[in-house]
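Participant: Need the 3D shape of this:
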Amino acid sequence: MDIFSLFKQTPSSIVGADDALPGRSQAPFELTNRHAVLGTPLLGPFPADTEALTLGMGCFWGAEEYLWRLPGVYTTAVGYQGGSTPNPTYEEVCSGMTGHAEVALVVYRPAQISTYDILKVFWENHDPTQGYRQGNDVGTQYRSAIYTHNEQQRDVAESTAKAFAGVLADSDWGEISTEIAPAADQTFYYAEDYHQQYLHKVPNGYRCHSATGLTLPPAT
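Facilitator: Sure, this is the predicted structure:
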């Protein structure tokens, strides 16, 4: 099946495990284990003073670019999370038949940048009310998602979601559709090498500019 056929079959709901593509036991490609901008490894284990968080903000190219620019970030990578198909390819994810979201992994030093500051970038740089789309990008792979790696991250994700929901309501926007779930329950699969730091490699490449223009209130 070619890529065009896959796109035409994009479902309007997250495919269940019984209906998802079968996938494979290992990734069908090799990954360069060096960040093209930061020069740090993409693969763990990561330094003991860092934490990891994975964020779905629509197309993962632009999401990763926002994150690698932040001070205190050790490394970033893009991949697929929240689905059923093991070791999916980009074409499979775009078909909607794996259940994955496009996500950006950010590994950061909490002593230099807080989880709140990471999530401030998340909430303010996409539209978390759009469900299975971001702007003109339509499909379950473009859903808004936060996959947390510890309880503190979960608490900050939930508190900032509540705070941003209030800002949205005051401005007559819709309700937040962001998925918040433990990363331990949602395996992260690295995307193909050419997707990693894509907008550094292709500076004039596609960026999704879907956002509300609203600001997350300060942390309390």
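Participant: so how far is residue 167 from residue 124?
Facilitator: Distance, residue 124 to residue 167, using CB to CB, to the nearest Å: 10 Å. The way it works is simple: take the backbone N, C-alpha and C, and place the C-beta from them, glycine included.
Participant: who touches both of the two?
Facilitator: 214, 215, 216 (CB atoms under 8 Å, 6 or more residues apart in numbering).
Participant: so the last one sits in a strand?
Facilitator: In other words, residue 216. No. Applying DSSP: H, G, I helix; E, B strand; the rest coil, one finds residue 216 to be coil, outside a strand.
Participant: Number of residues surrounding the residue nearest to residue 134 when sequence neighbours are not counted?
Facilitator: In space, and not counting its chain neighbours, residue 134 is closest to residue 58: 2.9 Å by CB to CB, 6 or more residues apart in numbering. Using other CB atoms under 10 Å, residue 58 has 27 neighbouring residues.
Participant: Residue 142 is in contact with residue 58, correct?
Facilitator: Yes. Using CB atoms under 8 Å, residue 58 is in contact with residue 142, at 4.7 Å.
Participant: overlap in contacts of the two?
Facilitator: By the contact definition CB under 8 Å, 6+ apart, residue 58 and residue 142 are jointly contacted by 102, 133, 134.
Participant: Now do the host helix or strand of residue 61: everything it contacts.
Facilitator: Using DSSP states H and E, residue 61 sits in helix 60-68. Contact with helix 60-68 is made by 35, 37-38, 55-57, 73, 75-79, 102-104, 106, 118, 121, 125-126, 191, 195-200, 205-209, as judged by CB under 8 Å, 6+ apart.
Participant: Now restrict these to buried residues only.
Facilitator: Buried members of the contacts of helix 60-68, scored by 16 or more other CB atoms under 10 Å, are 35, 37-38, 55-57, 73, 75-79, 102-104, 106, 118, 121, 125-126, 191, 195-200, 208.
Participant: and these, which of them are in strands?
Facilitator: 55-57, 73, 75-79, 102-104, 106 (DSSP state E).
Participant: ok, so of those, who is nearest residue 173?
Facilitator: residue 57 (16.4 Å; CB to CB).
Participant: so residue 96 sits right up against residue 139, yeah?
Facilitator: Yes. The criterion here is CB under 8 Å, and residue 96 meets it with residue 139 at 5.4 Å.
Participant: which of these two has more neighbours?
Facilitator: residue 96 (25 against 20).
Participant: Let me know the pLDDT of the more buried one.
Facilitator: We note a pLDDT of 96 for residue 96 in this prediction.
Participant: Check for me that it belongs to a strand.
Facilitator: No. According to three-state DSSP, residue 96 belongs to no strand; its state is coil.
Participant: Skipping its backbone neighbours, what lies nearest residue 179 in space?
Facilitator: Residue 179 sits nearest to residue 145 (CB to CB, 6+ apart), 4.3 Å away.
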